[in-house]
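[1] The amino acid sequence is not available; the structure is as follows:
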C-alpha cells in the first residue's frame, strides 16, 4: 500500500506545491497586530485543509491567536491503531528587512529548485509535508495507517503563551497519544538526512547598571564617578575565562557528559571546520577549550551577550557619561541543567562581579529546559526507517543547539517523548530574508511523512 501512496505523491507534486504556496502567501506574522486577521486566515486555511482530508477539525479560540485541533474519526483509521500526535505552527516571523528579499516574502517563488517565502521552512512548508502525505493516504487507502491528532498553534514565534492551556483543556484526547511528531528542525546537510534527538534549553536575563541620576558631560564629570558602560564591560569580560569557560560557580555541576556512542557518531559526520568558518565569514572558530565544534554547538552550555545599550547611539559623537548601561544575555543549557537554578547562580555571580559605584538590576526573561529523546525508542526506529524511504539514505543522529520549548512541555504535561524529523537544511535562512525550502527536500519530506505513519503503525502496535 505504501508504494501506491508514494506513487500518488510523485504524480501530484505540482498540486502539492500549488497548495503550500497558497498557505505561504498568507502573511501570518503573529507578533504584529496589523497581521492578526492574516494569522487567523492561515488557521482557517489549515482547518479547511484538514477537513478535506477527513479529520474532525475545530478552531480553538485563545486570548490571542487560535489553535487548530484535528483528529481522525474512527472510520479514518484501523481499529486499535496507535495514536500519534503531530504538532506544528502556522505563524511566521516578521519578514523585515523587506529590501533584502530577492522576491516578496509573501509571494512564494520558485528559483533554482528552491521555494522562497517566509514560512517556507519554519514551519508551514514542513507541516504541509505531513498534510500532503495524509491526503495521499486518504486518496489511495481511504483511511490513515494511524489514529492521528494534529495540533497547530499560531503563537510559536511569540512564546506559545496559550498553547498549554489548550493542551490541558483537551487532555483526555491527547493523553492517549503514544508519541509526538515535530517537523521544525533540519537535516544535517544536503544529502545527509537526520533525526534530532536532543535540544539545548534556554535561560535569559537582562542586566542594568545604574550610576548617576542623569547623563553627564564626560569632560566635566569624567573621572569623578563610575561610568556604567565601562563597569558593564568589566562585568561581561568576567563571565568567561581565557579558555572560553563560563566562570559562574556551579554552572557545570549538572552537565551530563557525552556518551562514547555519541562521540563516535559525531566524529563520523561529514563536517569541516574550515568550511564552517568560511560559510560564517569568520577568520577562525572559537569556543570552550577541550571540545569539538559540534560538541560545543550541540551539547555544551553557553553564555552570550545578545544586545548592549548605553549612552549616545546616533550619528556623530556626543561626549556623554551615560547614567545607565544594559545587556541582554542568554544561556543555552544542556541535559541535566535546570534553568531556574542556572539563573539563580547567574544572578549571584553578576552581583559579585559588579564594580562599586553602580547598582545592579537583573530581570529574568525566558526559561526553557533542555530535552533529550532516547535514540532507540520504537518511534525513533520508525522515523529512521521513514527517512530512509523518503530520502534514500539512512539518517544520522544529531542534536540541535537551539531550543523548542514545547518538547519539554509536552513531556511534562503528557509524558510524551518527541520524534523530531525535519526536512529543511541549515542554509534555509529561517528568521532571515530569503527563507527557502529546497523542492527536493519538500517532496522527499512528503514521502517521509507518508512512510512515517505507516512505520509508526507497525512499531507502536
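    That came through, no problem. Quick caveat: nothing in here was measured; it's all calculated off a predicted structure.

[2] contacting residues around the residue most central in space within the chain?
    In the chain, the residue lying closest to the centroid (Cα atoms, centre = their mean) is residue 404, at 4.7 Å. Residue 404 sits next to 182, 184-185, 199, 371, 420 when contact means Cβ atoms under 8 Å, 6 or more residues apart in numbering. To be clear about C-beta, it is placed using only N, CA and C from the backbone, and glycine gets the same treatment.

[3] now with 7 Å?
    182, 184, 199 (Cβ atoms under 7 Å, 6 or more residues apart in numbering).

[4] which residues are contacting the helix ranked longest in the chain?
    Longest helix of the chain, by residue count under DSSP state H: helix 439-459. Residues external to helix 439-459 that are found in contact with it (Cβ under 7 Å, 6+ apart): 2, 5-6, 9, 13, 16, 81-82, 84, 110, 113-115, 125-126, 129-130, 132-133, 136-137, 144-146, 378-379, 381-383, 385-387, 389-391, 421, 423-425.

[5] again with stretch 173-188
    With Cβ under 7 Å, 6+ apart, stretch 173-188 has contacts from 71, 82-88, 122-123, 126-127, 129-130, 149, 167, 193-194, 196, 269, 379, 396, 398, 400, 404, 410, 414, 416-426, 460.

[6] What residues of it count as buried?
    Going by neighbour count (16 or more other Cβ atoms under 10 Å), the buried part of stretch 173-188 is 174, 177-188.

[7] Would you format those residues as TSV with distance to residue 250 included?
    Converted to TSV, those look like this (distance: Cβ to Cβ, whole Å):
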residue	distance to residue 250
174	37
177	37
178	38
179	35
180	32
181	36
182	32
183	37
184	32
185	31
186	33
187	36
188	33
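
[8] Filter those down to just the ones in strands.
    Under the assignment DSSP state E, the buried residues of stretch 173-188 contribute 179-182 to strands.

[9] how about the residues you listed in TSV, adding distance to residue 315 and pLDDT?
    Output for these, formatted as TSV (distance: Cβ to Cβ, whole Å; pLDDT from 0 to 100):
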residue	distance to residue 315	pLDDT
179	55	97
180	50	98
181	51	98
182	45	98
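
[10] Among the residues you listed, pick out the one closest to residue 324, please.
    Nearest to residue 324 among these: residue 182, at 40.6 Å, using Cβ to Cβ.

[11] beta partners of that closest one?
    residue 87, residue 420 (DSSP bridges).

[12] Distance check, it against residue 418.
    Using Cβ to Cβ, to the nearest Å, we find residue 182 at a distance of 6 Å from residue 418.

[13] Could you do residue 408 as well?
    Going from residue 408 to residue 418 by Cβ to Cβ gives 9 Å.

[14] more crowded one of those two?
    residue 418 (24 against 19; other Cβ atoms under 10 Å).

[15] is it true that the more buried one touches residue 372?
    No - the pair residue 418 and residue 372 fails to qualify as a contact (Cβ atoms under 7 Å) at a distance of 10.1 Å.

[16] sorry, back to before: sort out which residues of the longest helix of the chain are buried, please.
    For helix 439-459, by 16+ other Cβ under 10 Å, it's 441-457, 459.

[17] Report how many residues lie close to residue 421.
    So residue 421, with other Cβ under 10 Å, has 31 neighbours.

[18] Identify the residue nearest it in space, chain neighbours excluded?
    Spatial nearest neighbour of residue 421, excluding adjacent residues (Cβ to Cβ, 6 or more residues apart in numbering): residue 383 at 4.9 Å.

[19] contact partners of the helix or strand harbouring the one you found?
    Assigned by DSSP states H and E, residue 383 belongs to helix 378-391. Helix 378-391 has contacts (Cβ under 7 Å, 6+ apart) with 179, 193, 195, 373-374, 394-395, 417, 419, 421, 444-445, 447-448, 451-452, 455-456, 459-460.

[20] again, but for stretch 301-321
    215-219, 221-222, 227-229, 232, 236, 239, 246, 251, 255, 322, 324-334, 337.
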